[in-house]
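Chemist: Sharing a model that was predicted from the sequence below.
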Amino acid sequence: MCTLTMGQWLLFIIFTPFLFILNVLSLATDSRFNIMSWCTIESDPGVFTELIQQMQVKGLQVEELYSLDLDSLNSLRPVYGLIFLFKWRPGEKDDRLVIKDPNPNLFFASQVINNACATQAILSILMNCSDIDIGPELSMLKEFTKNFPPELKGLAINNSDAIRAAHNSFARPEPFVLDETKAATKDDDVYHFISYLPVDGVLYELDGLKEGPISLGPVTGGPGDLDWLQAVQPVIQERIERYSRSEIRFNLMAIIKNRKEMYTAELKELQKRRERILQQISALQSERVADSTNIETLNKSLSEVNAGIEGATEKILMEEEKFKKWRTENIRRKHNYIPFLFNFLKILAEKKQLKPLIEKAKQNTSNQR
């Protein structure tokens with residue numbers, strides 16, 4: 001056991017805060033611990049769903065769309081917003097009118113963060129949905145920034161530890177840490193996310209790289225209605241066709257209500273309906289002169305309800321399996337395989353097997369040429 005004199009205790013108390021500050025400053029200046037940096041994340045419905053959950057938003061999930069036909073869009077209702085990924089082309093002109101003084105109920109933030117356009121596109125939808133539980137963190141941010149201009153809203157997002165931590169939880173482990181981040185050149189592929197959603201009877205395109213939102217015209221209803229999806233369909237289709245000659249890499253995802261919760265509520269209603277039908281059948285059968293026509297009608301309704309229960313149960317199981325698959329994929333995305341690979345190569349080298357494998361790989365490569 002070690003004891004300290006009074007003088008040593010005083011020195012410890014005085015210098016400990018300074019040592020802590022110096023340590024924080026050294027971490028902040030070290031690019032490996034740059035607490036303000038944002039990583040690039042994969043455009044994937046499982047990634048986006050977990051990201052939304054980590055921001056403490058409840059009752060939502062993200063689904064990828066492979067078609068813009070109305071049947072596909074209709075099957076996902078309610079759709080709170082669409083996220084469109086496309087290859088960004090610098091210097092491209094857009095003559096559409098940007099709203100400089102938007103609806104005060106519309107949350108629009110400028111993108112001031114590199115690599116964060118995916119999270120910003122998600123936030124553009126979440127912060128504009130009044131009928132979903134966006135959780136305490138986003139609720140406080142929305143209330144705090146309600147009178148801010150777009151630039152300050154963007155800075156507030158950048159300074160949110162909770163949002164940045166959720167976003168960076170999908171950072172891929174890297175074997176090397178570069179002291180400087182290389183800026184994208186004209187030859188690099190740069191992709192960008194934008195959002196489409198209805199707010200107060202108007203369809204908007206929200207792009208954090210623009211000065212403000214773009215109105216795409218009036219729509220009736222909200223996320224649960226088909227009208228806004230019919231209105232946005234040709235807008236996205238036209239954008240795809242504009243690039244289709246030189247670019248085929250697009251991605252469209254929808255933020256929708258949690259399917260399992262919807263199917264569970266549907267299942268409960270069907271089960272209640274089945275109980276009522278069974279009670280009615282039992283009551284009729286207890287009568288001395290049972291009405292066979294009514295019993296036949298009720299039995300037919302019972303068969304339909306049982307089929308509905310079976311279908312809802314199957315849908316719930318499919319959703320559970322899908323979320324299980326997403327969790328497994330996200331664990332693999334986040335896992336650091338570098339120590340394993342390093343030790344594997346080390347063992348191969350110790351057993352004199354690494355060099356022959358390298359030579360064989362080189363030979364196979366040269367033969368393919």
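Modeler: Perfect, thanks for sending it.
Chemist: Find me the pLDDT at Leu317, would you?
Modeler: At Leu317, the pLDDT value in this model is 98.
Chemist: swap that for Gln368, please
Modeler: Looking at Gln368, the pLDDT reads 77.
Chemist: what's the answer for Glu143, then?
Modeler: Reading off the model, Glu143 has pLDDT 95.
Chemist: Is it within a helix or a strand, and which one?
Modeler: Assigned by DSSP states H and E, Glu143 belongs to helix 135-144.
Chemist: which residues touch the spatially most central residue of the chain?
Modeler: By C-alpha atoms, centre = their mean, the chain has its centre lying nearest to Phe48, at 2.0 Å. Counting by C-beta atoms under 8 Å, 6 or more residues apart in numbering, Phe48 makes contact with Val62, Ile83, Ala118, Ile122, Met253, Ile255. (Glycine included, C-beta is placed from N, CA and C.)
Chemist: which residues touch the helix or strand hosting the fourth one?
Modeler: Yep, that's Ile122 we're talking about. If you go by DSSP H and E, Ile122 is part of helix 117-126. Here helix 117-126 makes contact (C-beta under 8 Å, 6+ apart) with 38, 41, 43, 48, 51-52, 55, 57, 60, 80-81, 83, 85, 107-109, 111, 113, 132, 134, 138, 154, 157, 163, 166-167, 192-195, 197, 206, 208-209, 255.
Chemist: What's the separation between Arg172 and Lys334?
Modeler: The gap separating Arg172 from Lys334 is 8 Å, by C-beta to C-beta, to the nearest Å.
Chemist: circling back: now the helix or strand following the helix holding Glu143: buried residues?
Modeler: Remark: after helix 135-144, the chain's next helix or strand is helix 150-158, criterion DSSP H and E. Within helix 150-158, the residues scored as buried using 16 or more other C-beta atoms under 10 Å are Pro150, Lys153, Gly154, Leu155, Ala156, Ile157, Asn158.
Chemist: for the nearest residue to the fourth one once chain neighbours are set aside, helix, strand, or coil?
Modeler: Which is Leu155. Spatially, and ignoring its direct neighbours in sequence, Leu155 is nearest to Val112 (5.8 Å; C-beta to C-beta, 6 or more residues apart in numbering). Here Val112 takes the coil state, with states given by DSSP: H, G, I helix; E, B strand; the rest coil.
Chemist: same thing with Lys100?
Modeler: coil.
Chemist: I'd guessed it sits against Glu211; true?
Modeler: Yes: applying C-beta atoms under 8 Å as the test, Lys100 and Glu211 come out as touching, 6.7 Å apart.
Chemist: When those two are compared, which one has more neighbours?
Modeler: Glu211 (12 against 9; other C-beta atoms under 10 Å).
Chemist: still on that earlier bit, make CSV from the buried residues of helix 150-158 and add distance to Gln279 and pLDDT to it.
Modeler: Output for the buried residues of helix 150-158, formatted as CSV (distance: C-beta to C-beta, whole Å; pLDDT from 0 to 100):
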residue, distance to Gln279, pLDDT
Pro150, 59, 94
Lys153, 56, 96
Gly154, 59, 95
Leu155, 61, 95
Ala156, 56, 95
Ile157, 55, 96
Asn158, 59, 93
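Chemist: So which of these is the closest to Gln237?
Modeler: Ranked by distance to Gln237 (C-beta to C-beta), these are led by Pro150 at 27.9 Å.
Chemist: how far away is the closest one from Leu70?
Modeler: On the measure of C-beta to C-beta, Pro150 and Leu70 end up 33 Å apart.
Chemist: ok, then the element right after whatever helix or strand Ile163 lives in?
Modeler: In this assignment (DSSP H and E), Ile163 forms part of helix 161-168. Next helix or strand after helix 161-168 toward the C-terminus (DSSP H and E): strand 191-199.
Chemist: how about Leu216, phi and psi?
Modeler: With angles defined as degrees, to the nearest 10, Leu216 sits at phi -110, psi 10.
Chemist: Apart from its neighbours in sequence, what residue is nearest it?
Modeler: Leu203 (4.3 Å).
Chemist: Which residues does stretch 151-165 contact?
Modeler: Here stretch 151-165 has contacts from 36, 38, 54-56, 107-113, 116, 119-120, 123, 137-138, 141, 144-145, 148, 208, using C-beta under 8 Å, 6+ apart.
Chemist: change it to 6 Å
Modeler: Residues outside stretch 151-165 that contact it (C-beta atoms under 6 Å, 6 or more residues apart in numbering): Ala109, Ser110, Gln111, Val112, Ile113, Glu137, Thr145.
Chemist: out of those, which is most surrounded?
Modeler: Ala109 (25 neighbours).
Chemist: show me where this structure has helices.
Modeler: 6-29, 45-54, 70-74, 117-126, 135-144, 150-158, 161-168, 227-243, 259-286, 292-334, 338-350, 354-368 (DSSP state H).
Chemist: Give me the angle between the helix holding Ile163 and helix 117-126.
Modeler: 130 degrees (axes from the mean of the first three to the mean of the last three C-alpha atoms, to 10 degrees).
Chemist: Report the inter-axis angle for helix 161-168 versus helix 135-144.
Modeler: Going by the same axes, to 10 degrees, helix 161-168 makes 120 degrees with helix 135-144.
Chemist: quick revisit: ok, the residue nearest to Leu155 to Gly154 distance?
Modeler: 4 Å.
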